[in-house]
Structures are given as C-alpha cells and as structure tokens.
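1. Got a predicted structure plus its sequence, pasted below:
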Amino acid sequence: MTSAPVVDPLASLPVADSLASSLAVGAGTSFGSRDATERLRVMHVINGEHYSGAERVQDLLALRSGEFGVDVEFACVKGDKFPSMRRSRETPLHSLRMSHKFDLRAVRELSTLARERQIDLLHAHTPRSAMIASGAAQLTGLPLVFHVHSPTSRDSTRRLTNWCNHLIERWSIRRAVAVLCVSDTLRDHTISAGIPAERVVTVANGVPCRDATKREPLSDGVPTIGTIALFRPRKGTEVLLDAIAELQRRGREVRLRAVGGFETEAYGRSLLERTASLGIEGLVEWTGFTREVDAELERLDLFALPSLFGEGMPMVVLEAMAAGLPTIASEVEGVPQVIEHGRHGLLVPPGEVAPLADAIERMLDDPESARSLGRAGRQRQQEAFSDRSMARGVADAYRRLMVGRRPQRAARS
C-alpha cells in the first residue's frame, strides 16, 4: 500500500504580510518591554476527540511549561478522550460548544473566556481549533500561535478531507505570529506551502526520560514485536502484518502486540480480516486503546512503526527510544531527524514488506547489536527529545514573539 504524491492546492494562496523583525520567532532578543520574570498565560485550543501523539504533546506541555514561566489552560472544542485521559488534571480545561466543523459560536465563547482568564496568547493545534482561535484572536487582539504536528495536506488517505482541512488551516493561520513545527522536514513543508519562513520555527517533540525497560529485550522466549498507534490507513499496519507473515514463512517465531484503537470500526474489521487471511491470527494481539504506554513498552522486545506518510515526529518512536527498545521505523518526514540508521535504530522504506521483515530478522539474528541500538536510541532521546526540552523550546518561542508587545491584561474587562 503506497501513497500517491499530494499536490498542495493552496501553494499560491496569499498570506498576510510578515511581522516586524522585533516579533520574529527565533530572533536572538530578550523579553523586551515585558519583565523577563513575568509569567505568561497561554490558552491551548484543541480538538480533544483523541488521545494520541498530538494530544500527548499538549498534555506534556501543560505538565512541563510551568517550569519555564508559562501557565497553561485548555479550551476543548470536541471533548471526548482528552478530558478523561489527560495526566494534566490540575490544568484548567474549558469546553466550547461546537456542534459541527463550521459552528462559529465558539469564537465568541473563546474570546470571553480569554478575557476572563487574563490570557496572554492563544495556541491552536488543529485546523478546526485554529479557525476558532483565529477568530478569537481578532476579537481580542491576542497573538495566535499555531502548532503543526503533521502535514495537513497529507494527513490521511481521504484527499478531499485533506484539501478541506488544509484550506481551513491556511486561512485560519494567515495572521498567526508564529507557526511551530515538530520537525525540520515539517518546517520545510510549511514554508513551501506559503507561510513566510521568518514565522516558522522547529520545536522538536519530546517525551519524559525514563529508566530502560526492566526486562532485557530479546533475552528469552518468543520475541514480541510491538506497535502503538491510532490505527488508520497511513500507519501502514498492513505492511507490518504482511512482514509478520513473511517472517513466519521464513521459519521465524515472533508475536505482534498491536496497541491502540481503530480510527473507524470498518477499518478495524479490515485489519482483522487481513490478519485472518494471512493465517497469523494466533500471532497477533490487538489490545485496544490504553493510556499506559510505558507499561505496554515493558512487554516488548522490538518496536516497529511502519507509517506510510504523515508523520511529523512520532511520539511513540520517542517513547520506545526512551525505554531503550530496539526500534525500526519507516523513513518518512520527521523520523530521520530522530533516528540515524544503524546508529539509533533502523530505518526502512515505507510501504515495502521485505525490507521491514529483513530489519526485524537482522535484530533477531544479533540480539546484542539490537540492544546496543536500543541503548544508543535512549541516549539520543535523553539528549535531544525530552519533554523538558520541548517545553523550553515552546516557552522560548512564546517569549521571543512577545518582544515589543505591551501586556494587555490591564485593558481587559
């Protein structure tokens, strides 16, 4: 299963004039007219129907940003899993009424909420939340930051949906003072889509540092390969199932533990049917959604993420590396920024079964080398992709873009 290239239908769409250099993110300036010790109050405007990679970023920012002088609140437009699954329970969370994608009642609600809560800055994370936050930013005069977690124009296999979401996103963020991208590749993609380069900055994703798994990978028994995702077509799960079947044909005894829910019931049925048709039902365990990712990682010997496209910087890859697990991932978008092939893990071409099976077999044949990759990956995560480094990067971006802006709290009702 491969993805056809997606042409950006909005590449020539005009954007607003760039901001003055004093507001440019990335400028090596101080906090300007604001007291450098003054805390910022930021409202993260989010969807909330899932608790997957982007939502874990939002949750971790709420938990860590306080260390860097940023107080966080959430405004949720599609409250479902996030309100109940988040770990940042002490962070205020407000629900906005939004019955459909173009329900703009939430704009005025968010504007009122931002004034009442004395918010300094709005931070949106999805096309839908950007549309609401953009309107509220215009009504309140507050600056808007947008966070790009994956390329909207190729976020799914539904081209019309991608196009509509991309159109909404581009219109909504045309006046954003900064666009934060989770990888350099995604930054390049955002600039190529027409957002001025001076507004776009990379802040890499990060996860908590942790002790390595208590069990030594590939030390005994039948190896368990794990994958963790919200399972949808772009995750390439079919490729991993085919690779498991190929390993079985080669006489390799392995198990697959697939952790996460299905995007739709229909897609879930298609994966179960494929598993049955390949004759590997007894080798695959579908666990369903869990918030306890660390506990699941303890069960694994290898981690694999066979995504086809649409990965900004996968949180699950960082979490597997943090656990010291030997990791195999597709060479797509932001993944090579995290894993150098043969040094921190193994990279394989997306959509190809044989190279994925070969990479798994390579690790099975040389367990000590695989464990060495796991240790190197863990060190890489600790040095460059921690939750603290992510929160610090976002806080630094906030403060740089606030240079020259006068505090507005006194003017608010």
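-> Right, received. Where do you want to start?

2. Is the closest residue to residue 113 other than its chain neighbours part of a helix or strand, or is it coil?
-> The spatial neighbour of residue 113 that comes closest, neighbours along the chain excluded (Cβ to Cβ, 6 or more residues apart in numbering), is residue 94 at 5.7 Å. The way it works is simple: take the backbone N, C-alpha and C, and place the C-beta from them, glycine included. Using DSSP: H, G, I helix; E, B strand; the rest coil, the structure places residue 94 in strand.

3. Settle this for me: residue 94 is touching residue 74, isn't it.
-> Yes - judged on Cβ atoms under 8 Å, residue 94 makes contact with residue 74 at a distance of 6.8 Å.

4. neighbour-wise, which of the two wins?
-> With other Cβ atoms under 10 Å as the criterion, residue 94 and residue 74 differ in neighbour count, and residue 74 comes out ahead with 22 against 16.

5. Am I right that the more buried one sits in a helix?
-> No - with three-state DSSP as the criterion, residue 74 is located in strand rather than a helix.

6. what's the span of stretch 321-328 from first residue to last?
-> Start to finish, the residues bounding stretch 321-328 are 10 Å apart (Cα to Cα, to the nearest Å).

7. cool, stretch 172-187 as well?
-> With Cα to Cα as the measure, stretch 172-187 spans 18 Å from end to end.

8. Please point out which parts of that stretch sit buried.
-> Under the neighbour-count criterion of 16 or more other Cβ atoms under 10 Å, stretch 172-187 has 172-173, 176-183, 185-187 buried.

9. Tally up the residues packed near the closest residue to residue 104 other than its chain neighbours, please.
-> With Cβ to Cβ, 6+ apart as the measure, residue 135 is the residue that lies nearest to residue 104, at 6.6 Å, once sequence neighbours are left out. A total of 18 residues lie near residue 135 under the criterion other Cβ under 10 Å.

10. element containing residue 135, please.
-> Per DSSP states H and E, residue 135 falls inside helix 127-140.

11. Tell me which residues are up against that helix.
-> Contacts of helix 127-140 with the rest of the structure, by Cβ atoms under 8 Å, 6 or more residues apart in numbering, involve 45-47, 77-78, 96, 98, 101, 104, 106-108, 110-111, 114-115, 122-124, 142-144, 146, 152, 165-166, 168-169, 171-173, 175-176.

12. Just the buried residues out of the residues you listed, in ChimeraX syntax.
-> Applied in ChimeraX, the following selects the buried portion of the contacts of helix 127-140 according to 16+ other Cβ under 10 Å:
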select :45,46,47,77,78,96,98,106,107,110,111,114,115,122,123,124,142,143,144,146,152,165,166,168,169,171,172,173,176
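
13. In helices, which of the contacts of helix 127-140 appear?
-> Using DSSP state H to define helices, the subset of the contacts of helix 127-140 located there is 106-108, 110-111, 114-115, 165-166, 168-169, 171-172.

14. Which one of those is nearest to residue 68?
-> Checking the ones in helices among the contacts of helix 127-140 against residue 68 with Cβ to Cβ, the nearest one is residue 114 at 21.0 Å.

15. quick one: the residue nearest to residue 113 from residue 46, how far?
-> Separation of residue 94 from residue 46 (Cβ to Cβ, to the nearest Å) stands at 11 Å.

16. Quick check: neighbours shared by the two?
-> Here residue 94 and residue 46 have 74, 75, 76 as joint contacts, going by Cβ under 8 Å, 6+ apart.

17. Can you spell out which residues form a bridge with the second one?
-> The one in question is residue 75. Per DSSP bridges, the residues bridged to residue 75 are residue 45, residue 94.

18. for it, what are its contacts?
-> By Cβ under 8 Å, 6+ apart, the contact set of residue 75 is 43, 44, 45, 46, 93, 94, 95, 96, 110, 113.

19. which one among those residues gets closest to residue 241?
-> Of all the contacts of residue 75, the one with the least separation from residue 241 (Cβ to Cβ) is residue 46, at 32.0 Å.

20. So the closest one sits against residue 58, correct?
-> Yes - here residue 46 lies in contact with residue 58, judged by Cβ under 8 Å, at a distance of 5.6 Å.

21. could you give the mean pLDDT of the strand or helix carrying residue 393?
-> Of the helices and strands defined by DSSP H and E, residue 393 is found in helix 387-401. When pLDDT is averaged along helix 387-401, the result is 95.
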